[in-house]
Structure formats: C-alpha cells, structure tokens
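K.L.:
how does the following fold in three dimensions:
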Amino acid sequence: MEDEINRIKDVYKDRSISPKIDYNPILPQNTYFIISREKVLARLLNKYFDSDLSNIQLLDVGFGSGNDILNLLRLGIDIKNVHGVEILPERYNRVKDILVSADLKLINGFDLPYQNKTIDLLMQSTVFSSILDFSSRKLFANEMYRVLKSGGKIFSYDIRFFNPWNKNVTKIDREELKKLFPKAKITFYPITLNPILVRTIAPYSVLSCELLEKLSFLCSHYYSVIEKI
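P.N.:
Below you'll find the model as predicted:
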C-alpha cells in the first residue's frame, strides 16, 4: 500500500512538471466543468441536508486545490467544522496558507486521523479513480465509512467509464462503488459531459454543454451519494 501512495505521488509530480491539460478556470471548457459541479453540489446539499449547514462536520479527502471546501464555505459550512486530508505536500501547503482556520492534515497513507462516527459529510473527488490497487481503495473506503456518523453522507465525484488514454486512473462505476461500500445506500447522479465533447463545444457555447449534460449516456462521471445506514 505504501507503493501505491508513492505511485500516486509520482503521477502528480509528473503532471505538475509536464501538464497535458490546461486547468485555467477562465477557459470556456473549465468554466463549464466548474459550473456543472457547483450546481449539482448545491442541489445535493439541499436534498440531503437541512438549510442550515453551520453545524455540519465536513471532511474533504484529498482536497487538492481546495475548491470543494471553498464552495461549501460559500454555501454555509462553518470553517471551524472543516477538516481535510491530502497526501501531496505542495497542495497541502497552498491550501493551508489560504484556509488557516481549517483543520487540514498532511497524511502519508490510507488511514484517516479521525475518530469513529464524527463526520456528517465526507467529500471525495477522483480520489478512488486515482488508486489503482483495489485493496488500497477498499482500505480507504473502509476508513471513510468508519469516520461517518450514522446517517452521514459521502459525496463522491468520480470517473464512470474506463479511460483508455490515461493508464493512471481506473473507472469507479456502480459495481465498484457497491463493492467498496456494501452496507451503504448509494444513489447515482450522472454528471459532466464527456470531456472530448466539452473541449469541442465549449469554446462556442458553454450553455450547449449544460444542455447536453442532461443526456445521461453522454456523461463521463458520477456524483454519487453514499449514505451510512
């Protein structure tokens, strides 16, 4: 499992040295990706939680750039209830400098440094698909489920289909999530128009991407809600 952590670190190190995709948020394709996820996140919060989010204990697993945390703060989460873990030091340091009041931790494995049943909402975005070793993925899933309160939710955003162009990720489809969380109730929401289509269409019309996303068979990801029962 240590080998898997080191592999993931090497992948992201290579990506930072020689990025193949431009993640500049002002590009139209990235504008679409941001809008799409923010809309679904707000809708899911409204559906699964009370309107007052100030008392919710949040844990973001693999918080990356911190975008999900920033969105949730804007939607009403109290920063004193924000927790997060990250394995990449450069990402941890950058977000820690911005969110100085949040409980952010740099970890080097798949164990979560939190007590049982303490988290109301856990976020994970393309973390599972970045872990190629199933036993490591299962260990991480067990840790996520352990720290959730009864009735707590995991909002999981991940790749729905196999990507033949990227050997460093794996699909996290319905069957895989059911293997990872066999005791949970899982609801699937297709999201994110296929990126190939987005990069073709978005420079001309971001709205067209939003409309095409309504055709679920064209969506490349799931936003899944995993409920601890």
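K.L.:
where in the protein is pLDDT low?
P.N.:
Low-confidence segments of the chain (pLDDT under 70): 14-22.
K.L.:
need the CA coordinates for the strand ranked longest in the chain. CSV is fine.
P.N.:
The longest strand of the chain (DSSP state E) is strand 148-159. Coordinates of each C-alpha in strand 148-159 appear next as CSV, following Å, rounded to 0.1, in the frame of the first residue of the first chain:
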residue,chain,number,x,y,z
LEU,A,148,-19.0,8.8,9.1
LYS,A,149,-21.8,9.3,11.7
SER,A,150,-24.9,7.1,11.3
GLY,A,151,-26.9,8.8,8.6
GLY,A,152,-23.8,10.6,7.4
LYS,A,153,-23.2,11.0,3.6
ILE,A,154,-20.2,10.7,1.3
PHE,A,155,-20.5,12.9,-1.8
SER,A,156,-18.3,11.0,-4.3
TYR,A,157,-17.4,12.5,-7.7
ASP,A,158,-15.6,10.1,-9.9
ILE,A,159,-15.0,8.6,-13.4
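K.L.:
gap between the spatially most central residue of the chain and residue 68?
P.N.:
The chain has residue 125 as the residue nearest its centroid, 1.3 Å off, counting by C-alpha atoms, centre = their mean. Per C-beta to C-beta, to the nearest Å, residue 125 is found 6 Å from residue 68. For the C-beta atoms, the positions are set from N, CA and C on the backbone; glycine is no exception.
K.L.:
and the strands in the protein?
P.N.:
Here the chain has its strands, by DSSP E, at 58-61, 82-86, 103-106, 119-125, 148-159, 185-193, 219-227.
K.L.:
deepest-packed of those strands, please.
P.N.:
Greatest average neighbour count among these goes to strand 58-61 (a mean of 25), per mean count of other C-beta atoms under 10 Å.
K.L.:
if you count contacts, what does that strand end up packed against?
P.N.:
helix 67-75, strand 82-86, strand 119-125, helix 134-147 (3 or more C-beta pairs under 8 Å, 6 or more residues apart in numbering; DSSP states H and E).
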